[in-house]
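[1] The following block contains a protein sequence and its predicted model.
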Amino acid sequence: MRLAAENLTFRAGGRAIVDDVSLEARPGEFMALVGPNGSGKTTLIAMLAGLKRPHGGTVTLDRQPVATMARRDLARHLALVEQQAETGERLSARQAVELGRTPHLGAMSPWGARDDGIVARALEAVDMAPFADRLWHSLSGGERQRLHIARALAQEPKVLILDEPTNHLDVEHQLGLLALVRRRGGTVLAALHDLNHAALFADRIAVMQGGRLVAVGPPAAVLTPELIGAVFKVTAAVEIGPDGRPFIRFAPPAIPSTGRDP
Ligand SMILES: Nc1ncnc2c1ncn2[C@@H]1O[C@H](COP(=O)(O)OP(=O)(O)OP(=O)(O)O)[C@@H](O)[C@H]1O
């Protein structure tokens, strides 16, 4: 499915925190959304997922405005993994993932063996099957994050939106998660802080700065030392690997001497 934003604007605190952004994630594309803290990524994602109503512009899913779609209908097509999502304390890990099936259930489609299979596969996919009967409050931050992702997978969305999904995860699970969402197909839009992860997994990268979209394109075209310097205020060297993808090496910032250096 195609997820498109046209001229999206969101205002808060007397200013546009997302300012006239037009962006399209094409069917089957993995798009990374990068930008410094406060550049508007989470606000843009909330509008794309239908959680925040834009002050200007429209969001469409295969050309249908999401504002006209019933929440349940939207949830059958689009899943969101939020940055700071919480879930009720008394749930088990499996029950937290079962919530992903909610939009697909109804009087004519009660819970069945197929749903059990989907939930089991989602738990397996994020390496959480052995934790299925553990209570939510007994799990670590990274384990909870993996369950949020399993819940979104159980939703079987055609469009998956992830807000900093690798937060809390160890490096094995960071890479495993990004490889998993890439391999499962469907349209993916993921806000990522690690530019090397974006370089490694994304088909295209969209760059936000001060509420505006300042670049969109394939990793090697976008992640240049010039753009990284201008947007992220850091010095970086970029090498292009044999797969055509950039690898970024950051230089430590110059810290003024205190006079006590050795
Ligand atoms: N209700 C609000 N009132 C005033 N300012 C707000 C409000 N909501 C968000 N902002 C500001 O809008 C800007 C964009 O926030 P947003 O969370 O979208 O950024 P972000 O790119 O996701 O940041 P991060 O990388 O830190 O998660 C921030 O400066 C934030 O403080």
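    Everything's here; your move.

[2] in the stretch 151-262 of the chain, which spans are strands?
    Ranges of strands within the stretch 151-262 of the chain are 159-163, 187-191, 204-209, 212-217, 236-240, 246-250, based on DSSP state E, counting those that start in this stretch.

[3] got the angle between the second one and strand 159-163?
    Calculated by axes from the mean of the first three to the mean of the last three CA atoms, to 10 degrees, strand 187-191 forms an angle of 10 degrees with strand 159-163.

[4] What helices and strands are in contact with strand 187-191?
    Counting contacts by 3 or more CB pairs under 8 Å, 6 or more residues apart in numbering; DSSP states H and E, strand 187-191 packs against strand 15-25, strand 30-34, helix 41-48, strand 159-163, helix 171-183. No exception for glycine: its C-beta is placed from N, CA and C like everyone else's.

[5] Kindly reformat the ones you listed as CSV and extend each row with distance to residue 79 and mean pLDDT.
    Listed next are those as CSV, based on distance: least, CB to CB, whole Å; pLDDT from 0 to 100:
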stretch, distance to residue 79, mean pLDDT
strand 15-25, 14, 97
strand 30-34, 15, 98
helix 41-48, 12, 97
strand 159-163, 5, 97
helix 171-183, 11, 91
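
[6] could you dump the strands of the stretch 151-262 of the chain to CSV with mean neighbour count and distance to residue 230?
    Shown next, in CSV, are the strands of the stretch 151-262 of the chain (neighbours: other CB atoms under 10 Å; distance: least, CB to CB, whole Å):
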stretch, mean neighbour count, distance to residue 230
strand 159-163, 24, 24
strand 187-191, 25, 20
strand 204-209, 23, 8
strand 212-217, 16, 8
strand 236-240, 14, 11
strand 246-250, 17, 14
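
[7] of those strands, which approaches residue 32 most closely?
    Using CB to CB as the measure, strand 204-209 is the one of those that comes nearest residue 32, at 4.8 Å.

[8] What pairs with the closest one, parallel or antiparallel?
    With DSSP bridges as the test, strand 204-209 is paired with strand 30-34 (parallel), strand 212-217 (antiparallel).

[9] Show me the contact partners of that strand.
    For strand 204-209, the surrounding residues in contact (CB atoms under 8 Å, 6 or more residues apart in numbering) are 21, 23, 29, 31-36, 39-41, 44, 198-199, 213-219, 222-223, 227, 231.

[10] Let's see the PyMOL selection covering just the buried ones among those residues.
    Command for PyMOL that selects the buried part of the contacts of strand 204-209, burial taken from 16 or more other CB atoms under 10 Å:
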select buried, resi 21+23+29+31+32+33+34+35+36+39+40+41+44+198+199+213+215+216+219+222+223+227+231
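
[11] Return only those of the contacts of strand 204-209 found close to the ligand.
    35, 39, 40, 41 (CB under 6 Å from any ligand atom).

[12] Report the secondary structure state of the second one.
    Pointing back at residue 39 there. coil (DSSP: H, G, I helix; E, B strand; the rest coil).

[13] what bridges to the residue positioned nearest the centre of the chain?
    Closest residue to the average C-alpha location of the chain: residue 162 at 1.9 Å, with CA atoms, centre = their mean. With DSSP bridges applied, residue 162 shows beta-bridge pairing to residue 81, residue 190.

[14] show me the contacts for it.
    By CB under 8 Å, 6+ apart, residue 162 lies in contact with 80, 81, 149, 152, 181, 188, 189, 190, 191.

[15] How about the first one: what's its closest non-neighbour residue?
    Among residues not flanking residue 80 along the chain, residue 49 sits closest, at 4.1 Å (CB to CB, 6 or more residues apart in numbering).
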